[in-house]
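# Need the 3D shape of this:
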Amino acid sequence: MCGRFTLTATPDQVALFLALMDMEAFPPRYNVAPTQPILMAIAGPPRDPGSNLPDRRALLVRWGLIPRWAKDPKSLPLLINARAETAGERAAFKVPLRHRRALVPATGFYEWRTVGRTRQPYFLKPRQGGLVAFAGLMETYADPNGSEIDTGAILTTEASPDIASIHNRMPVVVRPEDFSRWLDCRRLEPRDVADIMRPAEPGLFEAIPVSDLVNKVANTGPEIQARVAAVETVAAAEPRRRLPPDDGQLSLL
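Sure, this is the predicted structure:
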């Protein structure tokens, strides 16, 4: 799954990466969490015929998709992720997958590796730096009172081989050459973009072990990305305590 990610690039960098013209200022975000606003790029109205820019616009949505048909959102689980393999079959995701595909800009994401009874967080960032775009789904939910809220989820897939030792899932990463295809919901159906929903190529991300500061949503500074020794490394480096000789006596000490 993808439960936390980062967006620390500047608005200008994001606008250039996604070919957006309506980008507003925003601060760097080191610990984006569910239910918080996230930035998405969606297909917009066609530009002037003379423009060579794609028809895309930026949109802030709540991270946690609420289906249009939901009568009581509080009764639903928090839908922050959609499995790419089954999204087209799930009632909550099949309509957005057909009509409202989106791109989610990010500079990395966090994942947790289970080591014994410990969960070691890792920051996975593009090895070459810069931005990536996750495949997203957007839905506008209208409550019974008529107020509307834009919501979204991130598609996940099987982890690439170099990440699978940390976690078996990862966000779907859309390559820049596939941006237009992914966002083209007017002409392309889910089956036409199924090839995009695949694991990222090995080596795209660098995995950095970090401290458990990232576990708390209130921690939002760059210090949560500082490298630490991985749990198994620390355990291996600690000297084993020498046991006292066995004299045949039991002890409570």
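
# Tell me where the stretch 51-200 of the chain has helices.
94-99, 179-183 (DSSP state H, counting those that start in this stretch).

# now what about the last one, what contacts it?
Contact partners of helix 179-183, identified using Cβ atoms under 8 Å, 6 or more residues apart in numbering, comprise 18-19, 41-43, 54, 56, 101-103, 133, 135, 174, 188, 192-193, 196. (Each C-beta comes from the backbone N, C-alpha and C, glycine too.)

# Is it possible to mark the buried ones in those?
18, 41-43, 54, 56, 101-103, 133, 135, 174, 193, 196 (16 or more other Cβ atoms under 10 Å).

# Just put those in JSON lines and tack on pLDDT and distance to residue 202.
Converted to JSON lines, the buried ones among the contacts of helix 179-183 look like this (pLDDT from 0 to 100; distance: Cβ to Cβ, whole Å):
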{"residue": "18", "pLDDT": "97", "distance to residue 202": "25"}
{"residue": "41", "pLDDT": "97", "distance to residue 202": "26"}
{"residue": "42", "pLDDT": "96", "distance to residue 202": "30"}
{"residue": "43", "pLDDT": "93", "distance to residue 202": "31"}
{"residue": "54", "pLDDT": "71", "distance to residue 202": "29"}
{"residue": "56", "pLDDT": "92", "distance to residue 202": "29"}
{"residue": "101", "pLDDT": "98", "distance to residue 202": "25"}
{"residue": "102", "pLDDT": "98", "distance to residue 202": "26"}
{"residue": "103", "pLDDT": "98", "distance to residue 202": "22"}
{"residue": "133", "pLDDT": "98", "distance to residue 202": "19"}
{"residue": "135", "pLDDT": "98", "distance to residue 202": "19"}
{"residue": "174", "pLDDT": "98", "distance to residue 202": "17"}
{"residue": "193", "pLDDT": "98", "distance to residue 202": "22"}
{"residue": "196", "pLDDT": "98", "distance to residue 202": "17"}
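
# And the residues you listed, which is closest to residue 72?
residue 102 (25.1 Å; Cβ to Cβ).

# Is residue 15 located within a strand, as I assumed?
No. Under DSSP: H, G, I helix; E, B strand; the rest coil, residue 15 falls outside any strand and is assigned helix.
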